[in-house]
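**Q** for reference, the sequence and a predicted model appear below.
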Amino acid sequence: MTHTSNPEFRNDAKVIGLVGLAHGVSHFFQLLLAPLFPWIKAELGLSYAELGGLMAVFFVVSGVGQAASGFVVDRVGARGVLFAGVALLGLAALVSGLSSGYAGLALGAAVAGLGNCVFHPADFTLLNRRVSTARLAHAFSVHGITGNLGYAAAPIFLVGIAQLSGSWRIAVLAAAGVAVAVLLLLALNRRLLDDRLSHEASVEAKPEAVAAGSTLGFLRLPQVWLCFAFFFVSALAIGGVQSFAPTALNQLYGMPLTVAALAYTAFMLASAGGMVLGGFAGGRTRDHDRLIAGCMAAAGCLSILLGLALLPAAMVLPLMALIGFGSGVANPSRDLLVRAAAPKGATGRVYGTVYSGLDAGMAVAPVVFGLIMDAAWPGMVFAAIGGCQFLAIAAALAVGGESRRRRGQEVLAAG
């Protein structure tokens, strides 16, 4: 029997595709306003600081909400929470597009952050419960790739419509239509996303299950906070690349900003390609921390090398692509690392808590790297990115060591 004629494979593929689509929409809406800042600034007379404040509102609300939404997912189920998140993103676009000033845009950013906060706890709970264990690594790989595709699609969609229509508001309102269309598709396939019908992909009860017996018991587990630290420093590195890598490359290598921006595109595309390979690699090992360490060590060394400006400008794009590829290969394994650390029955809470580290890192990164750029140290941007990647290695190895210790205890208990 071929894979495609296997009912389990078809169900897995449909669930992975639907959850991946929802995740892509969440990343699309993270960039709902940023590509349109030139139009918004011109119409409303806002400063760059005020525009940046809208992004801060989004990530603060999303970070706080993400930790809380994990509890909601564990209490009421992932499907309804996911639907609510997509609906809130559509509402955020309506609020922003119909706003008359800065207060309305800030409210729209807050609603968007509230919608965005649910996706990681809901997505990973659905994938763990509705996808067979053998395909989880590939599911996490697709999940990461669709997020990257959402980032890539947003500027093209929003800027394209703004240029054709001459209005940033029409572009934002069109984005609301995207959310409505995706919500309708998810609703039509709601049975596939019913997390009460478990594939039993989640791991068996762990010794820590007792520690997580209370609602907040999982917070006493050291691996949860090590995972949070891993995501925080990883997000600092990603945020550094997103916010100031093109500007730093322009100053370091004297390359035009258009070419420097292309280097960021190369980073993102290579990262997506790395996630494909990472899905296969993550499915072949239990020591995900060691796989992460190897990939992040290579990416960290290349980041530092890029910051030293010892190589010709022609090497910038290949180096950025290799850094993105290494980060991408590690991506599915980081999600599997969290899965191994999550006690039974606390999946949503753990994913919500540790993934709030991503929002925290993304909120802090522009400030930290902005200070570095203000000090006229463009090379330090990449040195700091590399340093964050090495800190992520330390956190990942600590989580992996804790997981191996627990597996050893389980073997002894079974014997």
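**A** Cool, the structure landed.
**Q** does Phe140 sit in a helix or strand, and which one?
**A** Using DSSP states H and E, Phe140 sits in helix 136-165.
**Q** in that helix, what's buried?
**A** For helix 136-165, burial by neighbour count (16 or more other CB atoms under 10 Å) applies to 136-154, 157-159, 161-162. Just so you know, the C-beta spots here come from the backbone N, C-alpha and C atoms, and that holds for glycine as well.
**Q** now do that helix, average pLDDT.
**A** Mean per-residue pLDDT for helix 136-165: 89.
**Q** give me the mean pLDDT for whatever helix or strand comes next after that helix.
**A** Helices and strands here follow DSSP H and E; after helix 136-165, the next one along the chain is helix 168-188. Helix 168-188 shows a mean pLDDT of 97.
**Q** can you name the next helix or strand after helix 168-188?
**A** Downstream of helix 168-188 (by DSSP H and E), the next one is helix 222-253.
**Q** so that following helix versus helix 136-165, what angle?
**A** 40 degrees (axes from the mean of the first three to the mean of the last three CA atoms, to 10 degrees).
**Q** check which helices and strands the helix or strand just after helix 222-253 sits against.
**A** Remark: after helix 222-253, the chain's next helix or strand is helix 257-283, criterion DSSP H and E. If you count contacts as 3 or more CB pairs under 8 Å, 6 or more residues apart in numbering; DSSP states H and E, helix 257-283 packs onto helix 136-165, helix 222-253, helix 288-308, helix 316-341.
**Q** and the longest helix belonging to the chain, what other elements does it pack with?
**A** The longest helix of the chain (DSSP state H) is helix 378-414. Judged by 3+ CB pairs under 8 Å, 6+ apart, the packing partners of helix 378-414 are helix 222-253, helix 288-308, helix 316-341, helix 347-374.
**Q** nearest to Met380 among the ones you listed would be which one?
**A** helix 347-374 (5.0 Å; CB to CB).
**Q** buried residues in that closest one?
**A** For helix 347-374, burial by neighbour count (16+ other CB under 10 Å) applies to 347-363, 365-366, 368-369, 372-373.
**Q** format the helices and strands packed on helix 378-414 as TSV; extra columns: mean pLDDT and distance to Val178.
**A** Output for these, formatted as TSV (pLDDT from 0 to 100; distance: least, CB to CB, whole Å):
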stretch	mean pLDDT	distance to Val178
helix 222-253	88	22
helix 288-308	95	32
helix 316-341	88	24
helix 347-374	83	22
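**Q** run through the residues that contact Ala384.
**A** Leu236, Gly240, Val368, Phe369, Ile372 (CB atoms under 8 Å, 6 or more residues apart in numbering).
**Q** tally of neighbours for Arg75?
**A** Under the neighbour criterion other CB atoms under 10 Å, Arg75 is assigned a count of 11.
**Q** so what's it scoring on pLDDT?
**A** Per the predicted model, pLDDT is 88 at Arg75.
**Q** how close does it sit to Gly348?
**A** Arg75 sits 8 Å away from Gly348, going by CB to CB, to the nearest Å.
**Q** and what of Leu269?
**A** Leu269 is 32 Å from Gly348, by CB to CB.
**Q** in the helix or strand harbouring Phe9, which residues are buried?
**A** Taking DSSP H and E as the criterion, Phe9 maps to helix 7-30. Going by neighbour count (16+ other CB under 10 Å), the buried part of helix 7-30 is 9, 12-13, 15-16, 18-30.
**Q** what is the rounded mean pLDDT of that helix?
**A** pLDDT averaged over helix 7-30 gives 93.
**Q** what is it packed up against?
**A** helix 78-97, helix 102-116, helix 119-130, helix 136-165, helix 168-188.
**Q** closest one to Leu249 among the ones you listed?
**A** Evaluated over the helices and strands packed on helix 7-30, closeness to Leu249 peaks at helix 136-165, with 18.7 Å, by CB to CB.
**Q** which elements pack onto that closest one?
**A** helix 7-30, helix 119-130, helix 168-188, helix 257-283, helix 316-341.
**Q** closest one to Ala299 among these?
**A** Closest among the helices and strands packed on helix 136-165, using CB to CB: helix 316-341, at 3.6 Å.
**Q** can you check what angle separates the closest one from helix 222-253?
**A** Going by the same axes, to 10 degrees, helix 316-341 makes 170 degrees with helix 222-253.
**Q** so which bits of helix 316-341 are buried?
**A** 316-317, 319-341.
**Q** so for stretch 180-193, what gets flagged as buried?
**A** Buried residues in stretch 180-193 (16+ other CB under 10 Å): Val180, Val182, Leu183, Leu186, Leu192, Leu193.
**Q** can you check stretch 70-77 too?
**A** Residues of stretch 70-77 classed as buried by neighbour count (16+ other CB under 10 Å): Gly70, Phe71, Val72, Val73, Asp74, Gly77.
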